[in-house]
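Novice: What would the 3D arrangement of this be:
(4 chains)
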Number of protein chains: 2
Amino acid sequence: MSLVLPSTGRRVPCEQCPLRVLPHFRDFTVRELDFVSSFKRGELVAEMGSTILAEGSLSPHLYTVLSGWAFRFKSLPDGRRQILNYVLPGDLVGLQGSITGEMEHSVEALTPMILCVFQRDRLDELFQGYPGLAFDVTWIAAREERMLDEHILSLGRRTAMERAAYLLAFLHSRAEAVGISGTTPLQVPLSQQHVADTLGLSIVHTNKTLRKLADRKLIRWMDRSCEIIDPEGLQELADWEAPAERKRPLI
Amino acid sequence: MSLVLPSTGRRVPCEQCPLRVLPHFRDFTVRELDFVSSFKRGELVAEMGSTILAEGSLSPHLYTVLSGWAFRFKSLPDGRRQILNYVLPGDLVGLQGSITGEMEHSVEALTPMILCVFQRDRLDELFQGYPGLAFDVTWIAAREERMLDEHILSLGRRTAMERAAYLLAFLHSRAEAVGISGTTPLQVPLSQQHVADTLGLSIVHTNKTLRKLADRKLIRWMDRSCEIIDPEGLQELADWEAPAERKRPLI
DNA sequence: CGCCAGCTTGACTACAATCAACCATCGTGG
DNA sequence: CCACGATGGTTGATTGTAGTCAAGCTGGCG
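Specialist: All right, here's what the predicted structure looks like:
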């Protein structure tokens, strides 16, 4: 969420990855780390609002987010847009496309971002020589699946208020896990249009719903950003518990 | 969808698996087939309506569906239920739980079923010694993710009619791919309550929506079963295209 | 200064939930 | 054999949630 230099060089060696030191991520063996390091092709610096991956394309790359926020989305032919999930530091982006062939969704940056770039065609090598990492990749896919299951439950069976509360509690919990948030209340870099496209609501109704949350002092809305004041209150309202995330892999 | 004998023996050797011969599934090497065969512990015969896996449990097993239909679902603490996806022959069930630890959703049989039973703790072995199969497992997870993405789009941005049409077109396309359906119109083994819990609608409204589809001669509703008369018409109404599924793995 | 993006609010409409019956079919037990 | 209760589907009336339309506000920026 900070520096943006329009270059493509490599600035962060995997051995000094700022994410890897977080207690949240599992340790790698030296051999694994060496491979990941050689797997990395460089870094991609993306501006806020730019498209990282586009639906229908066939990207040769795969990314891990080093810093910044993004979201995955799909659109209907007539333009209606639906946000599928959010992408935070440590997340793998483009795995689905790498495995299935063509991208079935797009990814757009919510903030300036830095991403590690991997070569999709070396994924084979990873599976051939590094079963531990191969398992990690599957683990990451299973984690995404779990999140999508939750979103479907929310979209299908929660009321507008509950959905909004769930979304914000969810994002808070994810940001906290990767050490964004600090002591001050977390600022989520969203517009109300993003919230609407996530919850499956119109902007107008989203606005009215968020106002109610603000009136209850659970959040505070600022320009293109939501301050999470009371994450526990949001969880309670949504009747949702943040999963106890154990150590997870980082590729 | 046919025979049901309450035993647990092994009746179908992997080498003679009725699914494996379908053009839809990729060929295995002899070594891979041997492993899968040894990975298989037996068969589970499940009655219609029985629970295969339960949310919150920690199952030691992993299954592949040999025959029959099932669905995955989650519930809110107050009982509201949401169906997440359907499970058809050739599908892997319980992978998420095997990788993440605890099951985060339940699975229930829509028809009598036969499932191949695998030992979860031998998944390591698979990743260690069979990179091709490991990749297949990841492929399967990515495929599920793609389906969930579609469902989220549908739930969030399609109208009730479009959602219903999408669901039925989707199920038709999946059934067709695994050779259920034959020449006669496909019968989908659902109650209207299942449809409601999938689309995030009330039963009453679901009923009215399905009537409209029936009036347009796209489907015909019978007791606990929906006959898909015009799959193309449903696709068109939902503005959805069935994915061109290439050969896929079967474990 | 004026435009644009993002947020806000009110009035009106429409889609979907809830409530309340009612029907048909099927399996069970008196 | 029939009465019953249960399951699954159908329909109409009423209520309420969310969508659409329309206007206006604010702050940033060219």
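
Novice: Of all residues in chain A, which one is nearest the centre?
Specialist: The centre of chain A sits closest to A:Val87, judged by CA atoms, centre = their mean, with a distance of 1.2 Å.

Novice: how much space between A:Ala169 and B:Trp221?
Specialist: With distances taken as CB to CB, to the nearest Å, A:Ala169 is found 39 Å from B:Trp221. In this view, the C-beta of every residue, glycine as well, is placed from N, C-alpha and C.

Novice: And these two? Which one has more around it.
Specialist: A:Ala169 (24 against 17; other CB atoms under 10 Å in any protein chain shown).

Novice: so what pLDDT did the more buried one get?
Specialist: Predicted confidence (pLDDT) for A:Ala169: 98.

Novice: Let me see the contact set for it.
Specialist: A:231, A:234-235, A:238, A:240, A:242 (CB atoms under 8 Å, 6 or more residues apart in numbering or on different chains).

Novice: and if we set it to 7 Å?
Specialist: A:231, A:234-235, A:238, A:240 (CB atoms under 7 Å, 6 or more residues apart in numbering or on different chains).

Novice: quick one, helices of the stretch 1-150 of chain A?
Specialist: All helices of the stretch 1-150 of chain A, identified by DSSP state H, counting those that start in this stretch, fall at A:30-39, A:95-100, A:123-129, A:131-157.

Novice: picking up where we left off before, please tell me I have it right and the residue nearest to the centre of chain A contacts A:Gly68.
Specialist: No - A:Val87 is beyond contact range of A:Gly68, at 8.7 Å (criterion: CB atoms under 7 Å).

Novice: Can you dump the C-alpha atoms of the helix or strand where A:Ala214 lies in CSV for me?
Specialist: Element membership for A:Ala214, per DSSP states H and E: helix A:203-215. The C-alpha trace of helix A:203-215 is given here as CSV (Å, rounded to 0.1, in the frame of the first residue of the first chain):
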residue,chain,number,x,y,z
ILE,A,203,-25.5,0.8,-4.6
VAL,A,204,-28.4,2.7,-3.1
HIS,A,205,-29.4,-0.1,-0.9
THR,A,206,-25.8,-0.8,0.0
ASN,A,207,-25.4,2.8,1.1
LYS,A,208,-28.4,2.6,3.3
THR,A,209,-27.3,-0.6,4.8
LEU,A,210,-23.8,0.7,5.5
ARG,A,211,-25.3,3.8,7.1
LYS,A,212,-27.1,1.6,9.6
LEU,A,213,-23.8,-0.2,10.5
ALA,A,214,-22.2,3.3,10.9
ASP,A,215,-25.1,4.4,13.1
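
Novice: what's A:Pro89 in contact with, if anything?
Specialist: A:19, A:65-67, A:178.

Novice: Narrow the residues you listed to those in strands?
Specialist: A:65-67 (DSSP state E).

Novice: For ChimeraX, what selects the buried ones among those?
Specialist: Those of those that count as buried under 16 or more other CB atoms under 10 Å in any protein chain shown are selected in ChimeraX with:
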select /A:65,66,67
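
Novice: A:His105: which of the ones in strands among the contacts of A:Pro89 is nearest?
Specialist: A:Val65 (15.8 Å; CB to CB).

Novice: about what we covered before: B:Arg10: which of the helices of the stretch 1-150 of chain A is closest?
Specialist: Closest among the helices of the stretch 1-150 of chain A, using CB to CB: helix A:131-157, at 26.7 Å.

Novice: Just list what the closest one packs against, helices and strands only.
Specialist: strand A:81-87, helix A:95-100, helix A:123-129, strand B:81-87, helix B:95-100, helix B:123-129, helix B:131-157 (3 or more CB pairs under 7 Å, 6 or more residues apart in numbering or on different chains; DSSP states H and E).
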